[in-house]
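1. heads up, no residue letters with this:
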C-alpha cells in the first residue's frame, strides 16, 4: 500500500513536493491524500476535495503515516509538528526558524513520542547535508563547518561583484527573482543562516546552541566601496557561516561577511547557490554545493526525507545526545575590515592590532585583528552606525 | 558481537582502514581479524599472527562476514571478490580497474550469490559519491555527470598552472608526494578516470559501458605552451570526465583535457582534490569535492561501505537492472584546442568549423569545432604525434 502523506501549507515548498510526487507517479514513495491550508478564500490549483481547513482531518486519519509541515508561520508550524509527533506520525519540516528556536523541545518530543522528525530541506536547500552528516560524516569526526547558507544574500553579493550593481538594486532583483522575502530582514541581517547553522551544529557536533547566541553581522550596509576594497585585494565578499568545537564543550559559531581569496572554495560560489564545507579528521576537507532555494530543489529535499523514513535510512542515536544547550565560545581573534560612515563611532571597536587605518570621504576604514567577543559586544551599535564589517 | 572483517592486501588502502578502525576503537563497526598478504618476506607493522598467506583462512572462516579486497593486481582482486561473494560474504573493493572491466560478471555474481559488493572507495576517493547516487540522486533523474576523477593528474595540472612547472617536473613531484604510480600511464593517459567513470555511469544511469569504449585523451604531451594558451583566455586545464544519456539507450562518455573558464566549478579545484558535478532534473546542479587520494581518506571510504552494509543502507534495486553493455554515443560536436608538434599530421583531424589556425615554431595549433567520433577515430595517432588536445 502506498504511504499516505498529509501536507500542511501549499506554498513554494508544498507545491514543489506535490509537483515532484505527481511527476514521479508510479515510482513515488507515497501520495499526498490531504492538504491543510489556512486561507479559505485563496484560489487553488487542485480540486477543492484535496484541501481541508481542519488540521484534525490529517492528525486523526490513521492511514496517514507521514506529515509534511510546509507552512510559513513558526508558531503554527511548531503546533503542527508537536501534534504530529504525539499522534505517532513521522514529521518532515522545512521551517528552520521554528526548528532552531524549538530544538530542545523537539528533541524531547521525539524521545517522548518515539516518532521521528526530519528536516533535510531546512538548510542547504537541495544539498543532502543532513543525510550525509548522519550517515557518512557521523563515523568520522567533524572538526569544522563553513558554509554559504543563504541563497538570496549570495545572489545579491555575487551580482554586486560581477555586475557592479548597488545594494538596493540587487535587493530588488533578488525579490523579483523570488529569492528574497518581501521583508528581507531575515536574510540581510543574517538571521536565516543562523537558524540553519544551529541545525547543522546539532547534526555535526550533537550540541544545541540557541540561535540568538550565534554572533551574526549581515550585509545590510554594504556599499560599492566595500566591494571595491575586496576587488583591490582580489577577493570577493560572501556571507559565511562558521562553526567549530571550542574548549569546555562549547561551540564557536558565527555568521559574518568574509572577503574570500581566489583559492577559497566559496570564491566561485555564485548566485543563489549554497555551499557547505565539512572539515573532518579522516576525510579532511569536503564540500557540497547546490541550489539553495527554489520550489523543486526544496521539494526534492523534503522527498528525500520521506524516502529516508520509508527505508529507515537514519540513525536514531543522536536523539539520545545531551539536550542541554551549550554556549558560544568567542574568545578568538580574527582579522576584519571595518568601514563606518560615522567618524564619531571610531571608539566602538578596540583592536588587538591595527593593520591599516584610513580616513574616508565619509567616515573611516580600519583593517585589524580583533576578538570575536568584542565584535559580539558591539554588534547592535555596529548596525546603528551603518557599518559594514567583513573578515579577511 | 563485533563484525569480523577479513582484509586482503596491506598497502595504502588496507593500512588506512586498519589505522582508522584502531583509532575508532570502541565505536568501530567491526574489527579486522585476519589479513591475507602475498609477500612472506616483507616486514610488517603488526604481529605475524594477524597475517596469513592462505586466502582460505579467510574465506572458510564462518565468523568473518565481511571481506575487504585492497590488493593491487586486478586478476587476483577479481578472484578474491568472486570467491568472497560465492562464500556468502559482503565484499568491499577499491580496485576500479577490476571493477570496471568485470562489471557484468560482478553483477551476475551478486545476483547468483545474493551477496553484496560495495565500492565507495573506487571513485572520488573520500567523496561519498556512490552512497549519494544510490540514496539521494536515485530518486531524482540524473542528466549528466562531470568530474575530475584523478587526483594525481589534477595535482600535476594545478602545479603547472600555479607554479609554471614543466610536465616532467610535476610528474616527478606527484610521484614523490605519493599521488602518482611509478608507472604513471594509467593516470596521464586517462585510463584510471575511465574506469571510475564506468562505475559512476552504472550507478547513475544503470548502464554498463566497457572502459575501453570511453573516449579518452590524456595529458602526456601537455606543454607550457598549452598552459599559456589557456591562461591567455583566463582558463585553466583540467582532465574532465563527462557522461550523459544519449539516444537509443546509449551513453556519451569521455575523458578529455578541458580548458575551463573562471566561473566553471572545476576552475578552482586544486591539487589532489577530486570533484563530481551531478546534473539532475529536480536538484538541477550539485557538486561534491574532496580529497581523491591518500591512505586515511580512501580507508574511510571503505569504512563507509562497511557501515552501510551493517546498517543495510543501500538499495538492492539496481542489481536487477539490465546487465547487457551499451555503447558510447559520440555523434556530438565539441570545440577543441589542438596543438601538434608535427606539421605533417595536419590531416589527422577534420573539423566542422575552424575558428583559429596558427602555425607555431614547431608544428601548429588549431581551434575548431569537431565531432567526438572524429576525435575517437584519431585517438591513437594523436598520441603518436605527441599532440595535446583540450575542449574549450
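-> Perfect, thanks for sending it. Because the structure is predicted, anything quoted here is derived from the model rather than measured.

2. what parts of the stretch 101-250 of chain A come near chain B?
-> A:126, A:127, A:128, A:131, A:132, A:135, A:136, A:139, A:140 (C-beta under 8 Å from any C-beta of the partner chain). Backbone N, C-alpha and C define where each C-beta goes, glycine included.

3. from these, which land in helices?
-> Using DSSP state H to define helices, the subset of those located there is A:131, A:132, A:135.

4. residue A:303: which of the residues you listed is nearest?
-> Nearest to residue A:303 among those is residue A:131, at 11.9 Å by C-beta to C-beta.

5. I'd assumed residue A:308 was in contact with the closest one.
-> Yes. Using C-beta atoms under 8 Å, residue A:131 is in contact with residue A:308, at 6.4 Å.

6. quick one: the strands in the stretch 1-150 of chain A?
-> A:3-8, A:30-36, A:51-52, A:64-69, A:90-93, A:117-118, A:142-148 (DSSP state E, counting those that start in this stretch).

7. most tightly packed of the ones you listed?
-> Of the strands of the stretch 1-150 of chain A, the one with the most neighbours on average (mean count of other C-beta atoms under 10 Å in any protein chain shown) is strand A:90-93, at a mean of 27.

8. packing partners for it?
-> Here strand A:90-93 touches strand A:64-69, helix A:74-86, strand A:117-118, helix A:295-310, going by 3 or more C-beta pairs under 8 Å, 6 or more residues apart in numbering or on different chains; DSSP states H and E.

9. other residues contacting that strand?
-> Strand A:90-93 is contacted from outside by A:65-70, A:77, A:80-81, A:84-85, A:99, A:115-122, A:302, A:305-306, A:309, using C-beta atoms under 8 Å, 6 or more residues apart in numbering or on different chains.

10. residue of the stretch 1-150 of chain A closest to chain B, please.
-> Going by C-beta to the nearest C-beta, chain B is nearest to residue A:126 of the stretch 1-150 of chain A, at 3.9 Å.

11. give the contact list for residue A:392.
-> A:233, A:235, A:258, A:259, A:335, A:336, A:337, A:367.

12. how about these in JSON lines, adding secondary structure?
-> As requested, these are exported to JSON lines (DSSP: H, G, I helix; E, B strand; the rest coil):
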{"residue": "A:233", "secondary structure": "coil"}
{"residue": "A:235", "secondary structure": "coil"}
{"residue": "A:258", "secondary structure": "strand"}
{"residue": "A:259", "secondary structure": "strand"}
{"residue": "A:335", "secondary structure": "strand"}
{"residue": "A:336", "secondary structure": "strand"}
{"residue": "A:337", "secondary structure": "strand"}
{"residue": "A:367", "secondary structure": "strand"}
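
13. quick revisit: please produce CSV containing the ones in helices among the residues of the stretch 101-250 of chain A next to chain B, extended by neighbour count.
-> Below are those laid out as CSV (neighbours: other C-beta atoms under 10 Å in any protein chain shown):
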residue, neighbour count
A:131, 24
A:132, 23
A:135, 23
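
14. residue A:86 - nearest residue in space that isn't next to it in sequence?
-> Spatially, and ignoring its direct neighbours in sequence, residue A:86 is nearest to residue A:113 (5.3 Å; C-beta to C-beta, 6 or more residues apart in numbering or on different chains).

15. for residue A:150, that is, sorry about that
-> Spatially, and ignoring its direct neighbours in sequence, residue A:150 is nearest to residue A:193 (4.6 Å; C-beta to C-beta, 6+ apart).

16. ditto for residue A:115
-> Leaving aside its sequence neighbours, residue A:115 sits nearest to residue A:85 (C-beta to C-beta, 6+ apart; 4.3 Å).

17. please apply the same query to residue A:348.
-> Nearest-residue entry for residue A:348: residue A:378, 5.1 Å, with adjacent residues in sequence omitted and distances by C-beta to C-beta, 6+ apart.

18. the one you found and chain B, how far apart?
-> Distance check for residue A:378 against chain B: by C-beta to the nearest C-beta, to the nearest Å, it reads 34 Å.

19. residues near that residue, how many?
-> For residue A:378, the count of nearby residues is 21 (other C-beta atoms under 10 Å in any protein chain shown).

20. low pLDDT regions in the stretch 1-150 of chain A?
-> A:1 (pLDDT under 70).

21. what helix or strand is the residue positioned nearest the centre of chain A on?
-> Closest residue to the average C-alpha location of chain A: residue A:196 at 3.0 Å, with C-alpha atoms, centre = their mean. Element membership for residue A:196 (DSSP states H and E) is helix A:191-205.

22. just want the angle from that helix to strand A:142-148.
-> Orientation check (axes from the mean of the first three to the mean of the last three C-alpha atoms, to 10 degrees): helix A:191-205 against strand A:142-148 gives 160 degrees.

23. rewinding a little: so the residue nearest to residue A:115 sits right up against residue A:110, yeah?
-> Yes. Using C-beta under 8 Å, residue A:85 is in contact with residue A:110, at 6.3 Å.

24. mind checking which helix or strand residue A:324 is in?
-> Counting by DSSP H and E, residue A:324 is part of no helix or strand.

25. so it sits against residue A:207, correct?
-> No. Shown here, residue A:324 and residue A:207 do not form a contact pair, counting by C-beta under 8 Å, at 9.4 Å.

26. who has more neighbours, those two?
-> Using other C-beta under 10 Å as the criterion, residue A:324 and residue A:207 rank with residue A:207 on top: 22 against 8.

27. how much space separates the spatially closest residue to the more buried one that is not a sequence neighbour from residue A:215?
-> With C-beta to C-beta, 6+ apart as the criterion, residue A:207 has its nearest non-adjacent residue at 4.8 Å, and that residue is residue A:326. Here residue A:326 is placed at a distance of 15 Å from residue A:215 (C-beta to C-beta, to the nearest Å).

28. residue A:94 contacts residue A:298, doesn't it?
-> Yes. In this structure, residue A:94 is within contact of residue A:298 by C-beta under 8 Å, at 6.5 Å.

29. find residues that contact each of the two.
-> Counting by C-beta under 8 Å, 6+ apart, the residues touching both residue A:94 and residue A:298 are A:13, A:121.

30. which one of those two has more residues nearby?
-> Between residue A:94 and residue A:298, residue A:94 has the larger neighbour count (other C-beta under 10 Å), namely 29 against 26.

31. OK, contacts around the more buried one?
-> By C-beta under 8 Å, 6+ apart, the residues touching residue A:94 are A:13, A:69, A:70, A:119, A:121, A:122, A:298, A:301, A:302.

32. neighbours around the fifth one, how many?
-> Going back to what we said before, that points to residue A:121. For residue A:121, the number of neighbouring residues by other C-beta under 10 Å comes to 28.
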